[in-house]
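Visitor: Build me a structure from this.
(one chain, ligands or ions: 1)
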Amino acid sequence: MAKSNGDISRRELLARGIAIGGAAVVGSPTKLFGQEAASKSADAHAGANALHELRASIRGTLVTPANASYDARRQLWNGMIDKRPAAIVGCAGTADVMNTIKFARANGLPVSVRGGGHNVAGKALRDGALAIDLTAMKGIRVDPKAKIARAQAGYVWNELDRETATFGLATTGGTVSTTGGGLTLGGGIGWLMRKHGLACDNLLSVDVVTADGEFLQANESENADLFWAVRGGGGNFGVVTSFEYRLHELETITAGPALYPPNKIKDMFRFYRDFTATAPDSVTAMAGIVQGPPGTPLEGDLAGFFQVCHSGAASEGERLVQPIKAFGPPAMDMIGIMPYTTLQTLSDQNFPVGNRNYWRSNFLMELSDEAIDIILERASGMPANAHSALFFEHMEGAVGRVGPEDTAFSNRDAKYNFTVLAGWTDANEDERYVTWTRSFGDAMKALATGAGYVNYMMDDEGNSRVRATYAGNFERLVAVKRKYDPTNFFSGNQNIAP
Ligand code: FAD
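Guide: Numbering: from 1, shown residues only. Here you go, the predicted model:
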């Protein structure tokens, strides 16, 4: 009998045994799921029995290609990614993660780790691997007195934001609320970062399951080397099953976008450069280019956008955003006081699940006139839809006050992160948009620090890019990797090889 969630039950798994093993044989490179054709049938049996064992050892769900829910469960945010895991383990808790890793190790199976499934390179799944899916692990506990939130690793940011905002508290999260906790492991750029640091700078402690399936806690006083590495080093060192974040009093948020017509874009970037040169840490600002929204005077044109977030007293916010409202003037001005949770969800609709996506990012030390000229020249090839954009994120402030060696995230002296991203739906357009984005990113690279942002990195950027991004921290990361994951069991990430 199937479990009510539609995934496979122990009895059903046993009954369907060979079929399940057989399905998993396809494309699997592993010993367990069929190594040689001659022993396929025996392997299928062994595979079914082993899966039965795995199912019996977990509280959560096990989905194989034989299950109706398989395709839905392997969908990722980026529609270009079409990975077929051998099985998806929907972990219900830390014990399931430990048992799955032990099972994978015992059976020579590779694994992948899925948090919110938003990684643009689709790192959450791998062909033929066991997918450790954390999405059911959504417990969040806010301690309002201590100003701490503890979140199981399957949360997405709108869930954490809602819990903390209820207590008048917040921590730095991403700027699109549907991304998952994996954002923290790559750094975590967000609206509160110039005041309170990156998401990873607000981490107090993590629970980690290591490559041998053991449980560890890592913080400043316990396994401090691991704690250093997970703050920017991505999913290289283990599966984080719980994040503990420092929270801050939620102040009044004066925020939102202003849009400018095409003939003002060049000046808008110069104005952004001046604005960010003097902005206090209470202000985080982005500027870029999008398609003019439908039903507005900018429809059909490229529009400049300037988006801001001030957190602090309303009167101070009003004064600080005034120059943006006065510049131009904007064709559309939506800057005003709003709840933090509204700001966090403002851009969600532009990033739907299933679109095809390709991104490039570069950290820059300055916004030069040369950069502006390149941007204006290249922007004309941008897909004419609401899902493509290019933008600067102003770093510095509390981000820059953390030393480059204090956490694994080393790009502390960069002034801006510049990203160009294309989103589209027609697979026949892949080459056009990938080529446009890649060559735009390469043109900007010549003006950049050499580092990209690991959270925005594509697979084809290569290991040399990962190495360049970690710069002076790379060798130390390799040493931590050797200690906690000497066989590179966790390799489905922006990989730091041991
Ligand atoms: P998933 O795709 O689930 O996982 C990606 C990889 O991260 C995994 O393969 C694994 O290697 C690792 N991982 C995830 N969770 C864990 C865990 N618990 N333990 C160990 N490893 C883990 N980034 C920002 O910094 N700021 C933003 O504002 C921002 N906005 C974004 C908006 C959109 C629309 C998208 C698609 C991405 C955005 N990102 C942003 C990038 C985002 O941070 C990364 O894509 C990040 O990997 C997403 O986390 P996830 O949990 O959803 O990832």
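
Visitor: for the ligand, what are the nearby residues on the stretch 251-400 of the chain?
Guide: Residues of the stretch 251-400 of the chain lying close to the ligand (C-beta under 6 Å from any ligand atom) are residue 351. Heads up, the C-betas are built off the backbone N, CA and C, glycines and all.

Visitor: all helices of the stretch 251-400 of the chain, in order?
Guide: 265-278, 314-326, 340-345, 369-379 (DSSP state H, counting those that start in this stretch).

Visitor: Next, format those as TSV and append mean neighbour count and mean pLDDT.
Guide: Converted to TSV, these look like this (neighbours: other C-beta atoms under 10 Å; pLDDT from 0 to 100):
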stretch	mean neighbour count	mean pLDDT
helix 265-278	18	98
helix 314-326	16	97
helix 340-345	20	97
helix 369-379	16	96
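
Visitor: Looking at those, spot the one closest to residue 213.
Guide: helix 340-345 (35.1 Å; C-beta to C-beta).

Visitor: what's next to that closest one, contact-wise?
Guide: 157-158, 161-162, 165, 170, 173, 175, 177, 191, 250, 253, 255-256, 309, 311 (C-beta atoms under 8 Å, 6 or more residues apart in numbering).

Visitor: Those residues: which two are farthest apart?
Guide: 162 and 256 (19.8 Å).

Visitor: Comparing the two, which shows the higher neighbour count?
Guide: residue 256 (20 against 14; other C-beta atoms under 10 Å).

Visitor: who touches the more buried one in this structure?
Guide: If you count contacts by C-beta under 8 Å, 6+ apart, residue 256 has them with 307, 308, 334, 335, 336, 338, 343, 346.

Visitor: surely the second one meets residue 321?
Guide: So that's residue 308. Yes: counting by C-beta atoms under 8 Å, residue 321 is a contact partner of residue 308 at 5.8 Å.

Visitor: who touches both of the two?
Guide: 254, 335.

Visitor: any idea which residue sits dead centre in this protein?
Guide: residue 183 (3.9 Å; C-alpha atoms, centre = their mean).

Visitor: Kindly list the main-chain dihedrals of that residue?
Guide: With angles defined as degrees, to the nearest 10, residue 183 sits at phi -50, psi -40.

Visitor: tell me the secondary structure for the closest residue to it other than its chain neighbours?
Guide: Closest residue to residue 183 apart from its sequence neighbours, by C-beta to C-beta, 6 or more residues apart in numbering: residue 174 at 4.9 Å. Secondary structure, DSSP: H, G, I helix; E, B strand; the rest coil: residue 174 is coil.

Visitor: Residue 174 contacts residue 186, doesn't it?
Guide: No: under the criterion of C-beta under 8 Å, residue 174 makes no contact with residue 186, lying 10.2 Å away.

Visitor: end to end, how far does stretch 368-386 reach?
Guide: 27 Å (C-alpha to C-alpha, to the nearest Å).

Visitor: What lies in contact with it?
Guide: Here stretch 368-386 makes contact (C-beta under 8 Å, 6+ apart) with 265-266, 269-270, 289-291, 293, 302, 349-350, 364, 388-390, 418, 420, 422-424, 429, 433, 436, 439-440, 443-444, 447.

Visitor: quick one: which of the contacts of helix 340-345 is nearest to the ligand?
Guide: Set against the ligand, the nearest of the contacts of helix 340-345 by C-beta to the nearest ligand atom is residue 175 (3.6 Å).

Visitor: The closest one is in contact with residue 193, isn't it?
Guide: No: with contact defined as C-beta under 8 Å, residue 175 does not count as touching residue 193 (9.8 Å).

Visitor: between these two, which one's more packed in?
Guide: residue 193 (27 against 24).

Visitor: Show the contacting residues for that one.
Guide: Taking C-beta under 8 Å, 6+ apart, one finds 172, 199, 284, 395, 397, 398, 399 in contact with residue 193.

Visitor: same check, this time on residue 412
Guide: Taking C-beta under 8 Å, 6+ apart, we find residue 412 in contact with 399, 400, 402, 403, 404.

Visitor: Nearest to residue 223, out of the helices of the stretch 251-400 of the chain?
Guide: Judged by C-beta to C-beta, the one of those that comes nearest to residue 223 is helix 340-345, at 31.3 Å.

Visitor: Please report phi then psi for residue 151.
Guide: Residue 151 has phi and psi values of phi -130, psi 130 when expressed as degrees, to the nearest 10.

Visitor: what do you get for the one 4 residues further on?
Guide: As for residue 155, its main-chain torsions (degrees, to the nearest 10) stand at phi -70, psi 160.

Visitor: residues near it, how many?
Guide: By other C-beta under 10 Å, 24 other residues sit near residue 155.

Visitor: From residue 274, how far off is it?
Guide: 38 Å (C-beta to C-beta, to the nearest Å).

Visitor: Equivalent analysis for residue 337, please.
Guide: 25 Å.

Visitor: Same question for residue 162.
Guide: 36 Å.

Visitor: swap in residue 142?
Guide: For residue 142, the distance to residue 274 (C-beta to C-beta) stands at 39 Å.

Visitor: same check, this time on residue 131
Guide: To residue 274, residue 131 is 47 Å away according to C-beta to C-beta.

Visitor: For the helices of the stretch 251-400 of the chain, give me a markdown table that also has distance to residue 356.
Guide: Listed next are the helices of the stretch 251-400 of the chain as a markdown table, based on distance: least, C-beta to C-beta, whole Å:
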| stretch | distance to residue 356 |
| --- | --- |
| helix 265-278 | 26 |
| helix 314-326 | 33 |
| helix 340-345 | 23 |
| helix 369-379 | 20 |
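
Visitor: sorry, back to before: and the contacts of residue 193, which two are furthest apart?
Guide: That would be 199 and 397, which, of these, are the farthest apart (C-beta to C-beta) at 14.3 Å.

Visitor: what about those two, which has more around it?
Guide: Comparing residue 199 with residue 397 by neighbour count (other C-beta under 10 Å), the higher total belongs to residue 199, at 28 against 19.

Visitor: Tell me which residues touch the residue nearest to the more buried one when sequence neighbours are not counted, please.
Guide: Closest residue to residue 199 apart from its sequence neighbours, by C-beta to C-beta, 6+ apart: residue 188 at 2.4 Å. Contacts for residue 188 were tallied using C-beta under 8 Å, 6+ apart; they are 172, 173, 174, 198, 199, 200, 201, 455.

Visitor: what about residue 188, helix or strand, and which?
Guide: Counting by DSSP states H and E, no helix or strand carries residue 188.

Visitor: That one and residue 454: what is the separation?
Guide: In terms of C-beta to C-beta, residue 188 sits 11 Å off from residue 454.

Visitor: angle of the lengthiest strand in the chain against helix 265-278?
Guide: In terms of residue count, the longest strand belonging to the chain (DSSP state E) is strand 302-312. For strand 302-312 against helix 265-278, the angle by axes from the mean of the first three to the mean of the last three C-alpha atoms, to 10 degrees is 20 degrees.

Visitor: count of residues packed around residue 443?
Guide: Taking other C-beta under 10 Å as the criterion, the count of residues near residue 443 is 17.

Visitor: Now it: phi and psi?
Guide: The phi and psi values for residue 443, taken as degrees, to the nearest 10, are phi -60, psi -40.

Visitor: And residue 244, by the same measure?
Guide: Per-residue torsions, residue 244: phi -110, psi 120 (degrees, to the nearest 10).

Visitor: How about residue 149?
Guide: The phi and psi torsions at residue 149 (degrees, to the nearest 10) take the values phi -120, psi 140.
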